[in-house]
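Student: Turn this into a model:
(one chain, ligands or ions: 1)
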Amino acid sequence: MGDIAEDETTFYSNAKDYWKEIPPTVDGMLGGYGSISSIDINGSKAFLQKFLGEGEGKTGTGCALDCGAGIGRITKRLLLPLFKTVDLVDVTPEFLDKAKSYLGEDSKRVGNYFCCGLQDFVPEHGRYDIIWIQWVIGHLTDIHLVEFLQRCQKALQPYGLIVIKDNVSYEGVVPDELDSSVCRDLEIVHRLVGRAGLRIVYEEQQKNFPKEIYQVHTLALR
Ligand SMILES: C[S@@+](CC[C@H](N)C(=O)[O-])C[C@H]1O[C@@H](n2cnc3c(N)ncnc32)[C@H](O)[C@@H]1O
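Tutor: Got it, this is the predicted structure:
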């Protein structure tokens, strides 16, 4: 008999078991597509730069949160160069351990390593200028994603932004049994963002990724 609570527990525990076995490398973070990391980071940098800088209404550069950070691939090349302090949150302790050496000298400016599932994580009220959520929303159920986004909104500084960068399917919800995740289409992601009470400030598609992988969209929300 299908029990939703039990299915949900399995959805999360299977994902945890999957990531535990993945090597703590850039290639591991990107499912074998380590080669696209630079294109990804450069696209993200151009995206973020639109919101940063001096002046009224610009997003601050004090503190960022990297959600589903893994070994800190994004923290190292995108967030630490732009923000004074970066916090990481991830469910896999081995990845956060690796981050401490992978981030090198600049790991001095990491504020916190939170080992926690995003479904349970409560970011500190008003702490963050940017909350970066990349390649991890498919590991949350709809309800948990909506509730997490609501907690993120409360954790923003004035003019702060939540950024979701993730795969989108062509149509509907496509499950991935291997890593226990789902890929949602853009319309569904929009609906969930709306349910969280967030507004889409800007959105674009990542260009120059290999043709055989999912389309990747980046959404700035507040
Ligand atoms: C595809 S990797 C992406 C890592 C990083 N965002 C990047 O782009 O390099 C997915 C990451 O999400 C983490 N993860 C999976 N389920 C999670 C959950 N429920 N809460 C927090 N992190 C989770 C995994 O441990 C892994 O580090």
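
Student: what's the spacing between whichever strand or helix holds residue 11 and its chain's center?
Tutor: Per DSSP states H and E: residue 11 is located in helix 4-20. Taking CA atoms, centre = their mean, to the nearest Å, one finds the center of helix 4-20 at 19 Å from the center of the full chain.

Student: Please identify the buried residues of that helix?
Tutor: Using 16 or more other CB atoms under 10 Å as the test for burial, helix 4-20 gives 11-12, 15, 18-19. Quick note: C-beta positions are derived from backbone N, CA and C, even for glycine.

Student: Distance to the ligand added to these, as TSV?
Tutor: As requested, those are exported to TSV (distance: CB to the nearest ligand atom, whole Å):
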residue	distance to the ligand
11	9
12	6
15	5
18	8
19	4
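
Student: Could you report the neighbour count for the residue nearest to residue 31 when sequence neighbours are not counted?
Tutor: Excluding its sequence neighbours, the residue lying closest to residue 31 (CB to CB, 6 or more residues apart in numbering) is residue 179, at 8.0 Å. When counting by other CB atoms under 10 Å, one arrives at 14 neighbours for residue 179.

Student: I'd guessed residue 179 sits against residue 15; true?
Tutor: Yes: under the criterion of CB atoms under 8 Å, residue 179 makes contact with residue 15 at 6.2 Å.

Student: circling back: assign the residue nearest to residue 31 to helix, strand or coil.
Tutor: Counting by DSSP: H, G, I helix; E, B strand; the rest coil, the backbone at residue 179 sits in coil.

Student: Up against the ligand, what does the chain have?
Tutor: Taking CB under 6 Å from any ligand atom as the contact definition, the chain meets the ligand at 15, 19, 29, 68-70, 73-74, 90-92, 95, 117-119, 134-136, 139.

Student: rewinding a little: helices or strands next to the helix holding residue 11 in the packing?
Tutor: The helices and strands touching helix 4-20, judged by 3 or more CB pairs under 8 Å, 6 or more residues apart in numbering; DSSP states H and E, number zero.

Student: Give the buried residues for the next helix or strand after that helix.
Tutor: Per DSSP H and E, the first helix or strand lying C-terminal to helix 4-20 is helix 26-29. Neighbour counts over helix 26-29 (16+ other CB under 10 Å) mark 26, 28-29 as buried.

Student: Can you classify residue 164 by secondary structure?
Tutor: Strictly by three-state DSSP, residue 164 counts as strand.

Student: That one: neighbour count?
Tutor: Residue 164 has 26 nearby residues by other CB under 10 Å.

Student: and it, how far is that from residue 101?
Tutor: Distance of residue 164 to residue 101, given as CB to CB, to the nearest Å: 28 Å.

Student: low-scoring stretches of this protein, by residue?
Tutor: 1-2 (pLDDT under 70).
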